[in-house]
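>>> Build me a structure from this.
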Amino acid sequence: MAYENVSTTVPGAEAAADLSAHQFKLVKMTSTGVNLCGAGEAALGVLQNKPDALAQAATVWGPGSTSKVVAGAAVAKGAKITSDATGRAVTAASGNYEAGQALDAASAAGNLITIFINPQGRAA
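Predicted structure coming up:
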């Protein structure tokens with residue numbers, strides 16, 4: 001069962017696009033605002049709300065937070081995670097930026113799991 005406990009909120013974050021269908025996905029900061037992470041990209045945190053327009057407030061929980069996240073595939077408890085091409089959590093492979101660690105296991109894509117958001121450098 002996924003759970004969350006916020007400790008860090010990214011201040012002043014605004015959506016770079018309609019993100020209303022992307023709650024609990026990994027996001028990054030771009031020159032136009034918060035947007036979904038692509039495959040293996042460095043994550044700012046996890047989107048908590050459903051902003052439906054450019055420049056609408058985006059609630060993002062960042063490093064040090066525990067959050068729900070949508071899995072993009074099966075993920076083992078304890079696995080280092082990264083983003084797939086649509087901001088979902090998958091197991092980090094060599095060369096991917098690590099976004100955190102899975103505190104739950106996911107049996108399939110679409111499951112909600114809990115992660116500890118702890119962005120790192122690239123996985124070895």
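>>> For the helix or strand harbouring Val70, name the packing helices and strands.
Using DSSP states H and E, Val70 falls within strand 66-70. With contacts taken as 3 or more CB pairs under 8 Å, 6 or more residues apart in numbering; DSSP states H and E, strand 66-70 sits against strand 45-47, strand 112-117. (Glycine included, C-beta is placed from N, CA and C.)
>>> May I have it as PDB, with CA atoms only?
C-alpha atoms of strand 66-70 as PDB (Å, rounded to 0.1, in the frame of the first residue of the first chain):
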ATOM      1  CA  THR A  66       8.200  10.200   1.000                       C
ATOM      2  CA  SER A  67       5.600  10.100  -1.700                       C
ATOM      3  CA  LYS A  68       3.400   7.900  -3.800                       C
ATOM      4  CA  VAL A  69       4.600   7.400  -7.400                       C
ATOM      5  CA  VAL A  70       3.200   5.600 -10.400                       C
END
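>>> Pull the contacting residues for the residue nearest the centre of the chain.
Ranked by distance to the mean C-alpha position of the chain (CA atoms, centre = their mean), the top residue is Leu26 at 2.1 Å. Residues near Leu26 by CB atoms under 8 Å, 6 or more residues apart in numbering: 36-37, 43, 45-47, 69, 83, 87-89, 99.
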